[in-house]
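In: take a look and give me a structure for this.
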Amino acid sequence: MKKYIALGSIMAFMPVLAFATTVTTLMETFSGILGVLMPILISLAVIFFIFSLLMFILKEGEDKAEAKTQMIWGIVILFVMISVWGLVGVLSDTLNLDNTMPNVPGLPTV
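Out: Next comes the predicted model:
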């Protein structure tokens, strides 16, 4: 079953690879895909961390230890995702690609 999932994932990106004429356009394509997915994934990871924090506050005993483990994994996941986002930004700047990465959402200012 895992073979079919891996094969399907590879085949899903075949059109992207076929239309990418150079490494630059391939990097721009992946940068665009990550630019769309990263804010969504980071938001989900933050929600997971906050949910784990609330479970840690409300639970007792063994459930509290499980919530603590989930909080640690939430922090690790956030760190890895933001690091990958930063590496894509560094590669984009190094290869002089079009910077289409979205800005991190912030609070409105006056």
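In: drop to CA atoms for contacts and neighbour counts, all remaining ones
Out: Will do.
In: could you point out which element follows the lowest-mean-pLDDT helix or strand in the chain?
Out: Within the chain, no helix or strand scores below helix 14-19, which has a mean of 62 by mean pLDDT, DSSP states H and E. As assigned by DSSP states H and E, the chain's next helix or strand after helix 14-19 is helix 23-58.
In: name the next helix or strand downstream of that next one, please.
Out: Next element after helix 23-58 (DSSP H and E): helix 62-94.
In: now that next one: how far from the chain's centre is it?
Out: 9 Å (C-alpha atoms, centre = their mean, to the nearest Å).
In: now the most far-flung residue of the chain relative to its centre: how far from Ala67?
Out: In the chain, counting by C-alpha atoms, centre = their mean, Gly61 sits farthest out from the average C-alpha position, at 32.3 Å. Gly61 is 10 Å from Ala67, where distance means C-alpha to C-alpha, to the nearest Å.
In: what's the answer for Phe30, then?
Out: Phe30 is 34 Å from Ala67, by C-alpha to C-alpha.
In: try Thr109
Out: According to C-alpha to C-alpha, Thr109 stands 35 Å off from Ala67.
In: between these two, which one's more packed in?
Out: With neighbours defined as other C-alpha atoms under 10 Å, Thr109 and Ala67 compare such that Ala67 has more, 22 against 4.
In: which ones are touching the more buried one?
Out: By C-alpha atoms under 8 Å, 6 or more residues apart in numbering, the residues touching Ala67 are 52-53, 55-56.
In: between the residues you listed, which sits nearest Leu37?
Out: For these, the closest approach to Leu37 (C-alpha to C-alpha) belongs to Ser52, at 22.5 Å.
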